[in-house]
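*Asks:* Provide a 3D model corresponding to the input given below.
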Amino acid sequence: MGDDVRTRAAIEEHWRASESGEIEAEHIIYADDAILDYPQSGERFRGRAAISAQRGGHPADRHFTVRRITGGGDLWVSECIITYDGAPTYSVSLMEFAHEHVVHETQYFADPFGSPAWRAALAEPMPGRSITRA
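*Replies:* As a prediction, the model looks like this:
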């Protein structure tokens with residue numbers, strides 16, 4: 001099995017474990033000294049234990065839907081919808097790998113928004129989606 005196939009499988013297992021609430025399996029992908037950054041809040045979590053603790057202590061009912069995983073070598077991107085207490089948030093996760101573990105992840109979050117009327121004639125719905133108007 002090639003390195004990229006193993007890495008993709010590890011990422012898929014990470015998201016599967018995230019969805020099923022398997023905290024240990026979710027975080028095995030991270031190096032002991034991994035860093036997780038949330039640019040929107042300015043937070044940095046240092047170390048697998050801190051990353052696991054902040055996610056494991058989340059008060060919301062969370063669900064994860066992976067829309068796409070792409071990458072190669074040491075850089076991988078996951079596009080997900082994370083639903084918190086029924087409200088969807090779009091997430092992009094950039095994972096940097098070294099020695100088969102995530103050493104740095106940056107995760108961006110965005111809430112859905114309505115599209116303005118002025119671009120209605122230019123846009124088409126994404127596959128499986130409908131356009132929400134502002």
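*Asks:* In this structure, which helix is the longest?
*Replies:* Determined from DSSP state H, the single longest helix within the chain is helix 3-20.
*Asks:* For this structure, which segments count as helices?
*Replies:* Going by DSSP H, the chain shows helices at 3-20, 23-27, 48-56.
*Asks:* May I see the buried residues of the second one?
*Replies:* It refers to helix 23-27. Buried positions in helix 23-27, judged by neighbour count with 16 or more other Cβ atoms under 10 Å: Glu26, His27. Heads up, the C-betas are built off the backbone N, CA and C, glycines and all.
*Asks:* same deal with stretch 9-22?
*Replies:* Applying 16+ other Cβ under 10 Å to stretch 9-22 flags Ala10, Ile11, His14, Trp15, Ala17, Ser18, Glu19 as buried.
*Asks:* Next, count neighbours for Asp3.
*Replies:* 12 (other Cβ atoms under 10 Å).
*Asks:* ok so, going back, which stretch among the helices of the chain comes nearest Gly86?
*Replies:* helix 3-20 (15.1 Å; Cβ to Cβ).
*Asks:* I'd like to check the angle between the closest one and helix 48-56, please.
*Replies:* With axes from the mean of the first three to the mean of the last three Cα atoms, to 10 degrees defining the directions, helix 3-20 sits at 40 degrees from helix 48-56.
*Asks:* Show me what helix 3-20 is packed against.
*Replies:* Packed against helix 3-20 by the contact rule (3 or more Cβ pairs under 8 Å, 6 or more residues apart in numbering; DSSP states H and E) you find helix 23-27, strand 62-72, strand 75-84.
*Asks:* how about 6 Å then?
*Replies:* helix 23-27, strand 62-72 (3 or more Cβ pairs under 6 Å, 6 or more residues apart in numbering; DSSP states H and E).
*Asks:* Now tabulate those in TSV and tack on distance to Asp4 and mean pLDDT.
*Replies:* Below are the helices and strands packed on helix 3-20 laid out as TSV (distance: least, Cβ to Cβ, whole Å; pLDDT from 0 to 100):
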stretch	distance to Asp4	mean pLDDT
helix 23-27	21	95
strand 62-72	5	97
